[in-house]
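Asker: give me the fold of what follows.
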Amino acid sequence: MRVIVVGGGIGGLALGAGLRRQGFEVVVLERDTDVAATGGYHITLDGRAQSALRDLVEPDIVRRLLASSSALRMRERDALWDKGGRLLGHGPELGGSDSVDIDRITLRTLLAEAASDALHLGCEVTGVGYDRSGAPRVLFADRAPMPADLVVGADGTHSLIARHLAGGPTNSPAGIIGFSGRTLLRELGPAERQRLRPRSGLAIGPRGAALYIGFLDPVGNAALEAPELRMSVTTEPTYIWGAMFTESAATESLRALRDVELRAALLARFRARGWAEHTLEIIARADPHTMAAFRFNAASTRAADLAPWTAGRITALGDAVHATPPTAGMGAGAAIRDAASLVAHLRDAASGATTLTAAVGQFEADMRTRGSEVLTLAMKTVRWILATDTTLGAAATAVSTPILAAAARLRRQ
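Answerer: Below you'll find the predicted structure:
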């Protein structure tokens, strides 16, 4: 069985690695020329995603991944703040968590190594279709079509393959524009270090503004203490943050800015919404070259709306099907689980236990359930931010946050 995977992001590389490990003939086509040419932010992998990875890649890759990851169990509980930096509440205890955080660049590099010679960089796919015998094939602008037994679109939110299957887009803008950056803990003043602490947190204010702050320390909080295996991009305690604003013409204009201009514009936007100056130190002291803008896109949260096509010899996975905002930290993990599921079902088809079409159909049914689950969680925060940009929502936020802050103080006494 020959499988062509279109897209070499997290899901596509995981699938390529898994199929190669199981002896399938697989080709992963990626338009990038460098796997490290991706956002330098971090990804959360829960226990299910890690279990899927163990099925897809060799144990050595898993060990190096864990040695390059930050364990959530070694962090303090997540925090919820208001725009003044007042503590409103905590997330659950993390002592029993098996989740880890890892740099996207590190994860993609490891998966590319696992995919090995199946990965072909610098390949831009222009379309997909069928030959005269009904077999799928991938089309290019500069070379002959490439035939396959199965084509899998792992080409992200703006997937060419999923659009072909669905007859149109499989997701739409969620109403939020995000801006991300990195700030070293040592760049912050003592007061902010004490407030933020070794934990992640979220601050939401009125008028559609929010700031997520993620803590990453793959050295001090390594999930696996094996320094000789470590290859993390992040080499000291770092906050990886995401500023979020409701989508508008004014917010859209910020996407054209870069470096120090973008940093200054973000600070001005938060200040105009009344955020306390100390809460903005995380942005003010960020490395401006790490900052980037991106639109939140989301598929439907209804499982029945995902992969709305009849199962066949062309399919898709990950964000191509269930595009997920980063607000739940589960999108990449879901794509990895998609990959493991598809490999398992294709093994059944290869053994003769089922047909290829039936195997794809079973995989897509599993993926719909999985995609609906992660989308529902991610959209809760998105809808919360959007609600604060209404007259009623802004008023409710302004009234409720002092009460929550006072309650939090009483709990600490």
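Asker: near the closest residue in space to residue 20 that isn't next to it in sequence, how many other residues are there?
Answerer: Once flanking residues are discounted, residue 20 sits nearest to residue 118: 4.9 Å by C-beta to C-beta, 6 or more residues apart in numbering. From N, CA and C alone the C-beta is placed, and that goes for glycine too. By other C-beta atoms under 10 Å, the residues close to residue 118 number 22.
Asker: my guess is residue 118 contacts residue 18, does it?
Answerer: No: the pair residue 118 / residue 18 is not scored as a contact, 10.3 Å apart, by C-beta atoms under 8 Å.
Asker: residues of the top helix by length along the chain that come out buried?
Answerer: Longest helix of the chain, by residue count under DSSP state H: helix 356-387. Within helix 356-387, the residues scored as buried using 16 or more other C-beta atoms under 10 Å are 356, 359-364, 366-368, 370-375, 377-379, 381-382, 385-387.
Asker: what of stretch 5-22?
Answerer: 5-21.
Asker: what about these, which are in helices?
Answerer: Per DSSP H, helices hold the following members of these: 10, 11, 12, 13, 14, 15, 16, 17, 18, 19, 20, 21.
Asker: how many neighbours does the closest residue to residue 120 other than its chain neighbours have?
Answerer: Excluding its sequence neighbours, the residue lying closest to residue 120 (C-beta to C-beta, 6+ apart) is residue 29, at 5.5 Å. Residue 29: 25 surrounding residues under other C-beta under 10 Å.
Asker: OK, contacts around the residue nearest to residue 116 when sequence neighbours are not counted?
Answerer: The shortest distance from residue 116 to any residue other than its chain neighbours is 6.5 Å, reached at residue 20 (C-beta to C-beta, 6+ apart). Contact analysis of residue 20 by C-beta atoms under 8 Å, 6 or more residues apart in numbering lists 26, 114, 115, 116, 118.
Asker: pull the most distant pair out of the residues you listed.
Answerer: 26 and 114 (11.7 Å; C-beta to C-beta).
Asker: if you count neighbours, what's buried in the biggest strand by length in the chain?
Answerer: Identified as the longest strand of the chain according to DSSP state E is strand 172-184. Across strand 172-184, burial judged by 16+ other C-beta under 10 Å covers 174, 175, 176, 177, 178, 179, 180, 181, 182, 183.
Asker: report the two of those separated the most.
Answerer: That would be 175 and 183, which, of these, are the farthest apart (C-beta to C-beta) at 26.4 Å.
Asker: quick check: phi and psi on the residue nearest to residue 92 when sequence neighbours are not counted?
Answerer: Leaving out its chain neighbours, the residue that sits closest to residue 92 by C-beta to C-beta, 6+ apart is residue 77, at 6.9 Å. In terms of degrees, to the nearest 10, the main-chain angles of residue 77 are phi -60, psi 140.
Asker: for residue 77, what are its contacts?
Answerer: Residues in contact with residue 77 (C-beta under 8 Å, 6+ apart) are 90, 91, 92, 93, 94, 199.
Asker: quick one: buried ones out of these?
Answerer: Neighbour-count burial (16+ other C-beta under 10 Å) is assigned, among the contacts of residue 77, to 94, 199.
Asker: between the contacts of residue 77, which is closest to residue 188?
Answerer: Nearest to residue 188 among the contacts of residue 77: residue 199, at 13.8 Å, using C-beta to C-beta.
Asker: and the pLDDT at the closest one?
Answerer: Among the per-residue scores, residue 199 holds a pLDDT of 98.
Asker: that one touches residue 215, doesn't it?
Answerer: Yes: with contacts counted by C-beta under 8 Å, residue 199 reaches residue 215, the gap being 5.6 Å.
Asker: quickly list what's touching both of these two.
Answerer: With C-beta under 8 Å, 6+ apart as the test, residue 199 and residue 215 both reach residue 75.
Asker: part of a strand, is residue 210?
Answerer: Yes: counting by DSSP: H, G, I helix; E, B strand; the rest coil, residue 210 is located in a strand.
Asker: wait, what's in contact with it?
Answerer: Residues near residue 210 by C-beta under 8 Å, 6+ apart: 202, 203, 204, 243, 244, 245, 381, 385.
Asker: now do 10 Å
Answerer: For residue 210, the contacting residues are 83, 176, 178, 202-204, 242-246, 327, 381-382, 384-385, 388, by C-beta atoms under 10 Å, 6 or more residues apart in numbering.
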